[in-house]
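K.L.:
Got a predicted model here, sequence first, then my questions.
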Amino acid sequence: MASQKEDGNSDPRRQLRQAFGSFATGVTVVTSRSDDGAPIGFTANSFTSVSLDPPLLLVCLAKSSSNIGHFSRSGRFAINILSETQKDVSARFASRVDDRFAETQWSDSALGNPLIDDAIAWFDCETDNIVDAGDHMILIGRIAGFDQTDGRPLAYLRGHYLDLGLAETTAESISHHGGIRVGGLLECNGKILLRQTSEGWSLPMGAARSGFREGRAALEEELSANGFSAELGFLYSVFDAPSGNATWLIFQGDMPAGAIPEGYRLFSVDDLPLQDITPQPVRAAVHRYQTEFRNARFGLYIDGTKSAGQVHTIDRNATPWSKLMNEEGATR
C-alpha cells in the first residue's frame with residue numbers, strides 16, 4: 001500500500017476513506033422496493049457507468065446497510081442523479097429517518113422503481129449481477145430506461161458539497177471591475193507548486209483576460225508551456241488584484257508527479273515559505289490552504305464589496321476572515 005501519513009492516532013480505515021474522498025463525484029439516490037412493496041432508497045456516490053453495449057452501470061452498497069437484503073432480492077433498482085438544488089434530498093436519504101420518502105416528491109418507473117422528481121438524470125435498471133466485494137456488495141444493473149435534463153449536478157468532495165456554477169457566477173458578477181486572472185493552488189503528493197518571481201514565490205498564474213473562460217484558458221496555456229499537466233478543481237479564493245485593475249480567481253487543483261522546470265518548486269504543505277510568498281492576498285490564500293489542508297475542510301474566500309473578508313465553507317455559515325486567521329495565530 002502507498003505511504004500513509006504518520007500520526008500517533010491514525011486510523012488506516014479513516015485515512016483510506018479520506019483518500020477516497022479526494023475524488024470528486026456526483027451524488028445519487030439509489031431506489032428500489034422492499035419485500036412488502038414499500039419504496040426504499042439510500043444516498044450513494046459510489047456509482048459509475050460500466051458498459052454501453054449491453055447498457056450496464058454499477059453502484060456499491062455497504063453490507064451494514066439495513067436495505068442490503070431488499071436490494072439483493074428485489075431484482076431491480078433505479079439510480080437518481082441529484083441536481084445541485086437537492087442537498088436536502090441527499091441528506092434525507094443518508095439519514096436514519098423512518099420514512100425517507102415522506103417529504104420527497106417521486107413517481108414510479110416502468111419497472112416500479114421510485115424516480116425522484118427534479119433529478120437531472122435517472123436510470124431504471126434490472127439487476128444483472130451482484131458481486132461480493134469486501135464490506136460492500138456491488139449491484140450491477142442492466143439499464144431498461146433512462147432520461148436526463150439540463151442542469152448542474154450535485155457534487156461532493158472531501159466531505160463537502162460543491163457548487164459547480166459558483167466560479168462562473170462569481171466571475172461574471174465581478175468582471176465589470178476589470179479583467180480576470182486565474183491562478184492555481186496545485187497539489188502533487190501533498191506538496192504545493194510555487195513559481196519564483198523577482199519579488200519572491202507566488203502561485204502559477206495565467207495572464208489577465210477579459211472573462212472567466214479566457215482567464216482559465218490562459219492559466220492552462222501557462223502550465224502547458226512549462227510542461228505541467230494539471231486538473232483544476234474548485235474555486236478557492238477571489239480577490240481584487242493588488243493593482244486594482246483586475247480580479248484574481250485562485251482554483252484548487254491536482255497535478256501528477258513529473259519533472260519540475262527551473263523557476264518552479266514543489267513545497268511540502270507544512271514547509272511552505274509563507275513569508276516569501278507575494279503578493280499578500282496570495283500569501284493569505286496559501287496560508288489558509290495550509291490550515292484547511294490539515295483539517296481536510298475547505299472553504300471559498302471572497303473579498304468584494306458585498307461580502308468582504310468572508311470564508312464560505314461548504315456546509316456551514318460564512319466564517320469571518322479575521323476570526324479564521326486569529327484562531328490560527330496568523331496576521332494579515
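P.N.:
It's in.

K.L.:
Look at Ala284 and report its pLDDT.
P.N.:
Note for Ala284: predicted pLDDT of 88.

K.L.:
CA atoms only for the one helix or strand it maps to, dumped as CSV, please.
P.N.:
Assigning secondary structure by DSSP states H and E places Ala284 in helix 280-295. What follows is helix 280-295, C-alpha atoms only, in CSV (Å, rounded to 0.1, in the frame of the first residue of the first chain):
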residue,chain,number,x,y,z
GLN,A,280,-0.1,39.5,0.2
PRO,A,281,-3.5,38.1,-0.9
VAL,A,282,-1.8,35.1,-2.5
ARG,A,283,0.2,34.6,0.7
ALA,A,284,-3.1,34.7,2.7
ALA,A,285,-4.7,32.2,0.3
VAL,A,286,-1.7,29.8,0.6
HIS,A,287,-1.7,30.1,4.4
ARG,A,288,-5.4,29.4,4.6
TYR,A,289,-4.9,26.3,2.3
GLN,A,290,-2.2,25.1,4.6
THR,A,291,-4.6,25.3,7.6
GLU,A,292,-7.5,23.8,5.8
PHE,A,293,-5.4,21.0,4.3
ARG,A,294,-4.5,19.8,7.7
ASN,A,295,-8.2,19.7,8.8
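
K.L.:
elements contacting that helix?
P.N.:
Judged by 3 or more Cβ pairs under 8 Å, 6 or more residues apart in numbering; DSSP states H and E, helix 280-295 is in contact with strand 179-188, strand 231-240, strand 246-254, strand 299-302, helix 321-327. Every C-beta, even on glycine, is put in place using the N, C-alpha and C of the backbone.

K.L.:
mind putting those in TSV, mean pLDDT, distance to Pro39 and mean neighbour count included?
P.N.:
TSV is the format used below for those (pLDDT from 0 to 100; distance: least, Cβ to Cβ, whole Å; neighbours: other Cβ atoms under 10 Å):
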stretch	mean pLDDT	distance to Pro39	mean neighbour count
strand 179-188	91	41	23
strand 231-240	83	34	21
strand 246-254	87	38	22
strand 299-302	54	36	22
helix 321-327	44	43	14
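
K.L.:
quick one, what contacts Ile180?
P.N.:
Counting by Cβ atoms under 8 Å, 6 or more residues apart in numbering, Ile180 touches 171, 208-212, 214-215, 246-247, 249.

K.L.:
Among those residues, which one sits closest to Lys191?
P.N.:
Nearest to Lys191 among the contacts of Ile180, counting by Cβ to Cβ, is Leu249 at 22.3 Å.

K.L.:
is it true that that closest one touches Leu235?
P.N.:
Yes: judged on Cβ atoms under 8 Å, Leu249 makes contact with Leu235 at a distance of 6.2 Å.

K.L.:
Among the helices and strands packed on helix 280-295, which comes closest to Phe77?
P.N.:
Proximity to Phe77 (Cβ to Cβ) singles out strand 231-240 among the helices and strands packed on helix 280-295, at 30.6 Å.

K.L.:
Quick check: which element contains the residue of the chain most remote from its centre?
P.N.:
Most distant from the centre of the chain: Asp36, at 37.4 Å, with distances by Cα atoms, centre = their mean. Under the criterion DSSP H and E, no helix or strand holds Asp36.

K.L.:
Over to the one 4 residues further on?
P.N.:
Following DSSP H and E, the helix or strand that holds Ile40 is strand 39-44.

K.L.:
how about the helix or strand following that strand: buried residues?
P.N.:
Going down the chain from strand 39-44, the next helix or strand is strand 47-52, by DSSP H and E. Within strand 47-52, the residues that count as buried by 16 or more other Cβ atoms under 10 Å are Phe47.

K.L.:
How about stretch 129-137?
P.N.:
136-137.

K.L.:
Convert that stretch to CSV, retaining C-alpha atoms only.
P.N.:
Taking Å, rounded to 0.1, in the frame of the first residue of the first chain, the C-alpha atoms of stretch 129-137 are listed here in CSV:
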residue,chain,number,x,y,z
ASN,A,129,-25.4,-9.3,-11.2
ILE,A,130,-24.4,-8.9,-7.5
VAL,A,131,-20.7,-9.1,-6.7
ASP,A,132,-19.4,-9.7,-3.1
ALA,A,133,-16.6,-7.2,-2.6
GLY,A,134,-15.2,-6.9,1.0
ASP,A,135,-17.5,-4.9,3.2
HIS,A,136,-19.7,-3.9,0.2
MET,A,137,-21.9,-5.5,-2.4
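
K.L.:
sorry, back to before: quick one: the helix holding Ala284 to chain centroid distance?
P.N.:
Here the centre of helix 280-295 is set off from its chain's centre by 18 Å, with Cα atoms, centre = their mean, to the nearest Å.

K.L.:
what's the answer for stretch 225-234, then?
P.N.:
17 Å.

K.L.:
Kindly report the same for stretch 43-56.
P.N.:
The answer for stretch 43-56 is 20 Å, by Cα atoms, centre = their mean.

K.L.:
Same check on stretch 74-90?
P.N.:
Centroid separation for stretch 74-90 versus its chain: 18 Å, with Cα atoms, centre = their mean.

K.L.:
same deal with stretch 65-84?
P.N.:
Per Cα atoms, centre = their mean, the displacement of stretch 65-84 from the mean C-alpha position of its chain is 24 Å.
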